[in-house]
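Novice: A predicted structure for the sequence below; I have some questions about it.
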Amino acid sequence: MTTIPHANTPVIIGVGQVQQRVDDPTMAKDATDLMADAIRTAANDANATTDPIASADVLAVVNTLSWRYGDPARIVADHLGIAPRRVVTPMGGNSPQSLINSASQRILRGELNCALLVGGETWRSRMRAKKQGVDLSWPKVDAEILGDEPPETWGYDLYMSSPQEEALGLAMPVQVYPMFETAIRAARGVSPEEHLSDVGRMWSTFSAVAEQNPNAWLRKSLTADEITTATDTNRMVGYPYTKSMNSNNDVDMSAAVIICSVACAESLGVPRENWVFPHSGSDCHEHPFISDRNDFARTPAVELGGRHALELANLTIDDIAHLDLYSCFPSAVQLGAKSLGIDPYNETRPLTQTGGLSFAGGPWNEYVMHSIATMVDTLRSDPGSTGLIWANGGFVTKHAFGIYSTTPPAQDFRHAEPQDEIDALPRAGWADASDAVSDTTTHIEAYTVMHGKTSQPETAWAAIRLADGRRAFGKSTNPSVVSHLLEGEHVGEVVHVTSDHDFEPVA
């Protein structure tokens, strides 16, 4: 029996993706221009008899890093010649899916009819301008106007680095995700060589998807060896990650999604074959500080958030035909897959619809808008199937899930926020170096070695567990320690920590 959606059922009617590839930054459009182009592309995709842009009562923008606009939604609205309610998200790669979840709930409650959801970055052009000494004249909203008429915020900010972590200099994803990788490897109980081979094969499948994606930034399939082997053009960044295993933010990209009520879709004359329904969603986060994570090889918030989203759609992970798991680094995919009940090394379903942030492009907080847009196209090509999106922000910290299908949901869109369950889970807790000095059992839990621009190894980082379960962090530039960690397996190795957070293996 076919479910007939009611008037307030949320439905996606149009999606759009755009890029620009100009080497002269003075000729480049800024991100708000790209966002307006993406919204126009999404409106064309809707194939409506009435322009959905003019019908929108909300324009929501994923917050940007390429340029501090103040209120990018106001500028995008001006480009489009409209004056809807303006929304700007907090920072975080979870934001695009969280926007879908929030808009869906508001549509269902009758609080809005049509929303334009968009994100965009022009980091590539911004960095070229900086390198060439070019002053860009991209727009900014006047501080007085911003103070008098600020945009709404959907979502909340979350501090993801503790003062102690920041003071130590541990605050960048390129430092943290490779540490997760070594913890995952140790939990699997396989050698570094075997694990890297498995991860390389997994990442190679992502590049193969990007090769077939017309909206991907890098459309070239790479072998596992090409990905994992450090070369002059594929330098080592943070062991064991080469450049090809890091998110590629050197892009100018934008994506947009138009979501509205069924009544609005009908009034706009959008053909039914264009409709894709959000069935359920969830939002949650891990313990915000990595010092507090109980286990670097697990993501319990993904387990709970993913399970709730699936259960609310009356599905299991095996019922999902199409997946897009957040893919800033290989460890994120492995953690997310494991938490969802998927074997990331042997799964026959592609784990990405786009090719991931390394290959399809990693435009900071905005990537998942491309995931959603691509998922919509995938589902339209496979009517009746289901898709799952997992969005992530921070250090596998903030999560948003969405379940989609061309088939209307059997019940209203449903949403969960299982944060109370997650907050009650055990925490490791920060340990100062002085606490670790007198502990003779301190051992490495995870580690990485950060490399310089010419692939030279520079700084060893280690997460170190104390006998009482608390976590300290070690940082060493000692060449012998650095070289030691680049060969073999060192998780579980007993180390001595000094009062300044330096560390060395115990002979």
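Specialist: Perfect, I can see it now. Numbering: from 1, shown residues only.
Novice: Does anything pack onto the longest helix anywhere in the chain? Which helices or strands?
Specialist: Longest helix of the chain, by residue count under DSSP state H: helix 192-212. Helix 192-212 is packed against helix 173-188, helix 224-228, helix 330-340, helix 356-359, with contacts defined by 3 or more C-beta pairs under 8 Å, 6 or more residues apart in numbering; DSSP states H and E. C-betas here are computed from N, CA, C, even on glycine.
Novice: again, only this time at 6 Å
Specialist: With contacts defined as 3 or more C-beta pairs under 6 Å, 6 or more residues apart in numbering; DSSP states H and E, the packing partners of helix 192-212 are helix 224-228, helix 356-359.
Novice: Just the buried positions in that helix, please.
Specialist: Residues 192, 195-210 are the ones in helix 192-212 that count as buried (16 or more other C-beta atoms under 10 Å).
Novice: what residues does it touch?
Specialist: 185, 216, 219, 221-224, 227-228, 240, 330, 344-345, 350, 352, 355-356, 359-360, 489 (C-beta atoms under 6 Å, 6 or more residues apart in numbering).
Novice: cool, stretch 377-391 as well?
Specialist: With C-beta under 6 Å, 6+ apart as the test, stretch 377-391 has contacts from 93-94, 97, 276, 320-326, 336, 353, 368, 371, 375, 400-407.
Novice: The same query, at a cut-off of 7 Å, please.
Specialist: For stretch 377-391, contacts defined as C-beta atoms under 7 Å, 6 or more residues apart in numbering pick out 15, 93-94, 96-97, 273, 276, 306, 315, 319-326, 336, 353, 368, 371-372, 375, 399-407.
Novice: returning to what we had before: show the buried residues in the contacts of helix 192-212.
Specialist: Buried by 16+ other C-beta under 10 Å: 185, 216, 221-222, 224, 227-228, 240, 330, 344, 350, 352, 355-356, 359-360, 489, out of the contacts of helix 192-212.
Novice: Toward the C-terminus from the lowest-mean-pLDDT helix or strand in the chain, list the very next helix or strand.
Specialist: Here the helix or strand of the chain ranked lowest by mean pLDDT, DSSP states H and E is helix 433-437, holding a mean of 91. Per DSSP states H and E, the first helix or strand lying C-terminal to helix 433-437 is strand 443-451.
Novice: For the following helix or strand past that following strand, which strands pair with it and how are they oriented?
Specialist: Following strand 443-451 in sequence order, the next helix or strand is strand 457-465 (DSSP H and E). The strands beside strand 457-465 in its sheet (DSSP bridges) come out as strand 443-451 (antiparallel), strand 471-476 (antiparallel).
Novice: mind listing what Leu466 touches?
Specialist: Residues in contact with Leu466, defined by C-beta under 7 Å, 6+ apart, are 431, 435-436, 439, 442, 472.
Novice: what's the burial count for His79?
Specialist: If you count neighbours by other C-beta atoms under 10 Å, His79 ends up with 17.
Novice: My read is that it contacts Asp37, right?
Specialist: No. Contact between His79 and Asp37 fails when scored by C-beta atoms under 7 Å: they sit 8.8 Å apart.
Novice: what's the first-to-last distance across stretch 470-482?
Specialist: The separation between the terminal residues of stretch 470-482, taken as C-alpha to C-alpha, to the nearest Å, is 24 Å.
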